[in-house]
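Pasted the sequence and its predicted model underneath.
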Amino acid sequence: MKTKAVFFDRDGVLIKAVIRDHKPFAIHSADEFCLTEGAQEAVQQLAAADYRLFIISNQPDLARGTLAHGFVAETNRKLVGLLGGPAMIRAVYVCPHDNFHRCECRKPLPGMLLQAAKEWDVDLAQSFVIGDRDVDMAAGKAAGCSTIVVNAPYNGSVMADYRACDLMDASRWILKNLCR
C-alpha cells in the first residue's frame with residue numbers, strides 16, 4: 001500500500017538560510033547551523049500523522065567546489081539527529097550538481113521526489129513539498145504533490161498551493177487537509 005509523504009527543502013525551511021544581498025544561501029560553516037523555529041515540533045506532528053518524511057536539497061556549491069561533501073553529509077546527519085533520527089526523517093536526497101549538468105535530480109525537476117517515491121512506495125498525489133523557493137514548488141508540481149511555500153523576505157512572488165507563515169503553519173495546514 002502506498003504511503004503519503006512530506007518532502008522538506010533543507011536550507012530556508014528546516015535550517016535557517018544565510019541571507020546575503022537579500023538572497024538565500026546554504027550554510028557553509030557549522031556556526032551558521034540553526035534550526036528554523038518549530039522544525040522539531042512540525043516534524044513530530046507530521047510523523048505522528050503517519051507521513052513519511054524526507055529532505056530534498058539542491059547543493060550546487062558541491063559542484064562549484066565551494067562546499068565539501070563531508071560538510072554537507074555531516075550537516076545532514078546533525079539535522080536528522082536533531083529532528084528525531086531516521087525514525088522521523090526516512091532519507092535525505094541531495095543533488096550535488098549545478099545548472100549546467102542538466103541532471104534529473106536538480107530541482108525544479110522532480111528527480112529526487114520520484115526516486116524517493118520509488119524507493120519508499122510513496123503516493124505523490126497524497127504528498128506535500130514544503131519549500132522556500134520557486135524551484136521547490138516547481139519540483140513538487142512536476143511530481144504531482146501539493147506545494148507549500150514558507151514565507152521569507154526573499155520569496156514574495158513564489159506561487160504555491162498554500163503560503164505558510166512558518167513551518168508550524170505549514171504542518172497545521174497539511175494536518176487539516178488529511179482527507180484530500
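Arrived safely.

helices and strands around the helix ranked longest in the chain, which ones?
Taking DSSP state H as the criterion, the chain has its longest helix at helix 69-82. On a contact count with 3 or more C-beta pairs under 8 Å, 6 or more residues apart in numbering; DSSP states H and E, helix 69-82 meets strand 52-58, strand 89-95. C-beta: built from backbone N, CA, C; applies to glycine.

That helix to strand 89-95, inter-axis angle?
160 degrees (axes from the mean of the first three to the mean of the last three C-alpha atoms, to 10 degrees).

OK, contacts around Pro96?
Pro96 makes contact with 59-60, 62-63, 69, 72, according to C-beta atoms under 8 Å, 6 or more residues apart in numbering.

Could you do Gln115 as well?
93, 105 are the contacts of Gln115 under C-beta under 8 Å, 6+ apart.

and it, what element?
helix 111-120 (DSSP states H and E).

One more: Val6?
Counting by DSSP H and E, Val6 is part of strand 5-9.

Can you give the strand pairings for the helix or strand following that strand, parallel or anti for each?
The helix or strand immediately downstream of strand 5-9 is strand 18-20, counting by DSSP H and E. Note on strand 18-20: by DSSP bridges, its sheet partners are strand 23-25 (antiparallel).
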